[in-house]
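what would the 3D arrangement of this be:
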Amino acid sequence: MIRATKDTAFSISVGLVNADNSMGTGKTVNYEIRLHSNDSLKASGTMTESVNKAGLYYVNPNIDTADFYRVYISSSGYPSVTEDIMVTEEETKINSIQTDLTRVKQIESGRWKIINNQMIFYDSDGVTPILTFDLKDENGNPIEAFPKERVPV
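Just a heads-up that it's a prediction; the model follows:
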């Protein structure tokens with residue numbers, strides 16, 4: 001399966017190999033991208049042969065709708081190729097995950113202090129608080145030493 005983000009060009013490629021294991025150069029390679037659910041045509045055309053690698057053909061489609069697609073690739077004298085494509089809106093999710101991971105890394109590797117029954121985590125400057133927890137004992141009472149629970153403030 002090919003995974004891509006909507007509105008972002010991605011590459012679909014195929015190599016043509018002849019029966020004697022040489023690369024199939026100078027061929028016409030066609031493609032169609034169809035919506036998986038109803039087989040409607042989304043994009044089609046001729047793939048471009050790579051100037052750097054003989055027998056490798058590619059296309060860089062840009063799909064503007066998140067959904068599941070299927071690409072059909074064909075060239076006379078070679079077996080057809082079919083591949084599924086999942087186009088998502090992941091870019092914003094990826095940015096959100098990266099932000100979360102940066103924060104987790106800062107919490108795990110950065111400065112922290114326990115003050116007045118609270119655990120305070122600081123930003124990379126070591127001064128700016130980014131997260132504070134009230135520390136509690138097993139009965140929910142404030143405690144600094146050996147807490148059993150932390151509650152976000």
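
what domains does the record give for the chain?
Using automatic domain parsing, the domain parsing of the chain gives 2-88, 99-152.

start to end distance for the longest one?
Distances were taken as C-alpha to C-alpha, to the nearest Å; on that basis the terminal residues of domain 2-88 are 11 Å apart.

show me how far that domain is from its chain's centre.
Its chain's C-alpha centre and that of domain 2-88 lie 20 Å apart, by C-alpha atoms, centre = their mean, to the nearest Å.

and it, average pLDDT?
The average pLDDT for domain 2-88 rounds to 91.

kindly report the same for the shortest one.
Along domain 99-152, the predicted confidence averages to a pLDDT of 90.

okay, how far is it across it, tip to tip?
Start-to-end, domain 99-152 (C-alpha to C-alpha) is 19 Å.

hmm, back to that, pick the most deeply packed of the domains of the chain.
Of all the domains of the chain, domain 2-88 has the most neighbours on average by mean count of other C-beta atoms under 10 Å, namely a mean of 14. For every residue, glycine as well, the C-beta is placed using N, CA and C.

any idea what the residue nearest to residue 44 when sequence neighbours are not counted is bridged to?
Spatially, and ignoring its direct neighbours in sequence, residue 44 is nearest to residue 32 (4.4 Å; C-beta to C-beta, 6 or more residues apart in numbering). Beta-bridge partners recorded for residue 32 (DSSP bridges): residue 44, residue 72.

wait, residue 32 touches residue 69, no?
No - the pair residue 32 / residue 69 is not scored as a contact, 10.0 Å apart, by C-beta atoms under 8 Å.

against residue 65, how distant is the residue nearest to residue 44?
16 Å (C-beta to C-beta, to the nearest Å).

check contacts around residue 17.
Contacts for residue 17 (C-beta atoms under 8 Å, 6 or more residues apart in numbering) come out as 23, 24, 55.

report the contact partners of the first one.
Residue 23 makes contact with 15, 16, 17, 54, 55, 56, according to C-beta under 8 Å, 6+ apart.

take these and write them to JSON lines, including distance to residue 76 and secondary structure.
Conversion of the contacts of residue 23 to JSON lines gives the following (distance: C-beta to C-beta, whole Å; DSSP: H, G, I helix; E, B strand; the rest coil):
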{"residue": "15", "distance to residue 76": "16", "secondary structure": "strand"}
{"residue": "16", "distance to residue 76": "10", "secondary structure": "coil"}
{"residue": "17", "distance to residue 76": "15", "secondary structure": "strand"}
{"residue": "54", "distance to residue 76": "18", "secondary structure": "coil"}
{"residue": "55", "distance to residue 76": "15", "secondary structure": "coil"}
{"residue": "56", "distance to residue 76": "18", "secondary structure": "strand"}
